[in-house]
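>>> no sequence on this one, just coordinates:
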Ligand code: FES
């Protein structure tokens with residue numbers, strides 16, 4: 001069946017096709033250049049250095065958030081006074097988790113996932129525990145580091 005009238009001309013169609021190809025090409029090129037210039041962009045750090053004073057007055061059974069690269073980090077002071085630090089991102093589909101002091105657990109609202117206060121996945125769809133970090137102190141600094149990462153405290 002032949003269409004008698006077209007809303008766009010052949011020239012308009014080809015121009016749109018050509019323009020779209022150019023935009024796709026330059027977007028890909030720009031993305032590659034940015035990733036080449038900044039290879040760590042978007043990656044998690046090995047450790048972060050924080051001011052100890054920001055965490056020293058934290059009451060038991062409460063949390064304080066911090067920036068873990070570009071994602072949420074959660075510092076927890078448990079009911080018994082012990083401390084832990086977690087990557088505050090759910091292991092199911094990367095939603096942020098929140099600590100529920102009443103339940104003494106972390107909750108992910110995206111799909112009702114639960115983690116205990118040690119970061120262990122205990123209910124819902126999360127397949128793995130939260131990532132737990134090492135906590136170190138150096139003078140007035142608090143260093144939160146990935147497990148197994150060597151931090152030269154003398155340089156901090
Ligand atoms: S993203 Fe957390 S339970 Fe699905």
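Sure, I can see it. What you see is a predicted model; the values in this text were computed from it and never measured.

>>> for the most centrally placed residue in the chain, what are its contacts?
Against the mean C-alpha coordinate of the chain, by C-alpha atoms, centre = their mean, the closest residue is residue 71 at 2.9 Å. Contact analysis of residue 71 by C-beta atoms under 8 Å, 6 or more residues apart in numbering lists 44, 87, 88, 89, 96. The way it works is simple: take the backbone N, C-alpha and C, and place the C-beta from them, glycine included.

>>> who wins for neighbours among those residues?
In terms of neighbours by other C-beta atoms under 10 Å, the contacts of residue 71 top out with residue 88 at 25 neighbours.

>>> ok, what's across the strand from the residue nearest to the centre of the chain?
Beta-bridge pairing for residue 71 (DSSP bridges): residue 68.

>>> For this structure, which segments count as strands?
In the chain, the strands defined using DSSP state E lie at 47-51, 62-68, 71-77, 83-87, 98-100, 105-108, 113-116, 121-123, 132-138, 141-145.

>>> who in the chain is up against the ligand?
Neighbours of the ligand within the chain, by C-beta under 6 Å from any ligand atom: 90, 92, 93, 95, 108, 110, 111, 113, 124, 125, 126.

>>> neighbours of the first one, just the number please.
When neighbours are defined as other C-beta under 10 Å, residue 90 has 25 of them.

>>> same thing with the second one?
The criterion is other C-beta under 10 Å. On that basis, residue 92 has 17 neighbouring residues.

>>> Give me the distance between it and residue 103.
Residue 92 sits 18 Å away from residue 103, going by C-beta to C-beta, to the nearest Å.

>>> Residue 66 too?
According to C-beta to C-beta, residue 66 and residue 103 sit 22 Å apart.

>>> higher neighbour count, those two?
Between residue 66 and residue 103, counted using other C-beta under 10 Å, the more crowded position is residue 66 (18 against 11).

>>> ok, the nearest residue to that one once chain neighbours are set aside - contacts?
Distance criterion C-beta to C-beta, 6 or more residues apart in numbering; nearest residue to residue 66, sequence neighbours excluded, is residue 73 at 4.4 Å. Counting by C-beta under 8 Å, 6+ apart, residue 73 makes contact with 48, 65, 66, 67, 85, 86, 87, 88, 133, 144.

>>> Alright, calling it a day.
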